[in-house]
Each structure stands twice: as C-alpha cells, then as structure tokens.
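**Student:** how would this look folded up:
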Amino acid sequence: MGELPLPETCYPSAAPRADVWLWIGHAVYRGPSLRLDRHSGSVHCLAVGIDAPFTLHADSFGQRTVRSALIPPRTLHQVVARKTRMLFCYIDPGSPRAHSCWDHMSVRVHEFGIDHNQETALLGLADRDDLDPTEVMDLACGPSHISLDPRIAAATAIVRAHATGTITADQLAGEVNLSKSRLLHLFADHAGTTFRRYRIWARMLAVGRAVAKGADLTTAATDAGFASPSHFSDTFHAMCGLNASDLLGAGARITVLD
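**Tutor:** Below is the predicted model of the structure:
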C-alpha cells in the first residue's frame, strides 16, 4: 500500500510485504513499521514485535523496550521498530473487546499495557503465511460474545449498504421502527461501536474494497463519501497512525472482511 520505504531497519533479503485486514470496528496490520510518526490514535492498538522487541516512546515514561504493548486512544506515542516486522491490532474504543484486551496485559505502565499474556501464541500466529486476522483478534482480546439484536442487525446492514451516503440516526431509527435514543443505545450495546463510528468504519471498508479492486485512492475516497482524499487520509491516520499513501506505495495487500 513503488518501492517499500524500509523502516528503521535493513532486512537481509526482500522486504516483507504489508498486509491489512479491515472489518467493522477492527483492523489488523502485519508488515514493516513504515516509519510511524509520533501520534495519538482514535482507537486502541495492540502492538507486537514479530521478530524482535521494539521501542515505545511516550511522554509519561520516556522510552521502553517491549515485545507487546496496548496503546490507548488519544495518547501521544511513537513505535520505533529497528529489527522487526510489526503486528498491529486496532480495536474501536466502543467495542467490548477493547476492554477485554486490557485484561490480557500483564503490566500497566502509566496509560499503557505491557506484555500480553498470550504474547508467545500471538507471535506464532503472526509468523504464519496464512495468518487469520480474526484468530489473532480472538487471541488478543478473547472471543466476541456479542448477540446481535435483529433490529440492529438490520440497521447495520442498512448503514453498510449506504456507506457512501449520509443516512442519519433519525432516518435509520425510522427504518427499523425504533426511537432515535433507543437505536443509539442498542447500537452501542450490540454493534461493537457507536452509530457515528460505525458509519466511519463502513466508509473506510468501502475505500478498502475499491482499492483492493484496483481503484486509485482519490476515486475510492470520494466515492465512499469522504470530502476529499486528504479527509480519508487524515481519518485513516487518526485511527491507525499509518499513512494510507505509504501503505499503497508499499504494495500492501488489503482484505476487507464482511
């Protein structure tokens, strides 16, 4: 996702390919670190050094060398990976999995979780050619036990079908015969995130599908309802700390899971 910009490292042979898997409320990235800048994301991020530890920089503790860390939203940090590919698991803060992932962290260092208790198993999965992102997420956070209310199932299907449009909460509530307040309450409980963020994820997935089929980023972002390519890029960077243009330039393979 041209020539891959190697991060703070030099690989002995061909540079590893980047892979991105996207589904509502979640994303998994495996590949080189792509020189991540200092940023604060809008989602939880479980970072795992696949081949070696990495350095986590944060204002609260300076720097720390770790193999796995859970980084909360809205927390300035930088991941520096000099000798390792990275596995990043992104979890929407509205998802119950965001809370359960914290239960798997062995140590709390200021705002961060350090040392996932399934670290060894995660490393094994991350090194597989046939990596299953849902298996990774289940191991990172525990299996999802959300029982989807049929009205919210219908609502989420409508949002996905109109991802490029501007359907409002009032309109959606009318479609599924709920009050707006009841819709928003059930949505947060059953869909794994809020209505507003679900719409953002749905648009992100629409971009991912289009790019995977060969569309350029400008066309894909505009068709998905983003005001401009830069609006999409800013949204993607805010979520993941990754630059969408860098990913595309690196030839990353994008897979959208429905």
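**Student:** tell me how far the residue nearest to residue 142 when sequence neighbours are not counted lies from residue 137.
**Tutor:** Excluding the flanking residues, the one nearest residue 142 by CB to CB, 6 or more residues apart in numbering is residue 100, at 4.7 Å. For the C-beta atoms, the positions are set from N, CA and C on the backbone; glycine is no exception. For residue 100, the distance to residue 137 (CB to CB, to the nearest Å) stands at 11 Å.
**Student:** looking at the two, which is more packed in?
**Tutor:** residue 137 (25 against 16; other CB atoms under 10 Å).
**Student:** isn't the more buried one up against residue 22?
**Tutor:** No - in this structure, residue 137 is not within contact of residue 22 by CB atoms under 8 Å, at 11.9 Å.
**Student:** pretty sure residue 28 contacts residue 90?
**Tutor:** Yes - the pair residue 28 / residue 90 is scored as a contact, 7.3 Å apart, by CB under 8 Å.
**Student:** phi, psi for residue 70 please.
**Tutor:** Backbone torsions of residue 70, given as degrees, to the nearest 10, read phi -100, psi 120.
**Student:** how about the nearest residue to it, chain neighbours excluded?
**Tutor:** Excluding the flanking residues, the one nearest residue 70 by CB to CB, 6+ apart is residue 113, at 3.5 Å.
**Student:** who's that neighbour bridged to?
**Tutor:** Note on residue 113: beta-bridge partners residue 70, residue 108, judged by DSSP bridges.
**Student:** so for it, what's the pLDDT?
**Tutor:** Per-residue pLDDT puts residue 113 at 97.
**Student:** got it, and residue 145?
**Tutor:** Looking at residue 145, its pLDDT is 66.
**Student:** same question for residue 234.
**Tutor:** As predicted, residue 234 sits at a pLDDT of 88.
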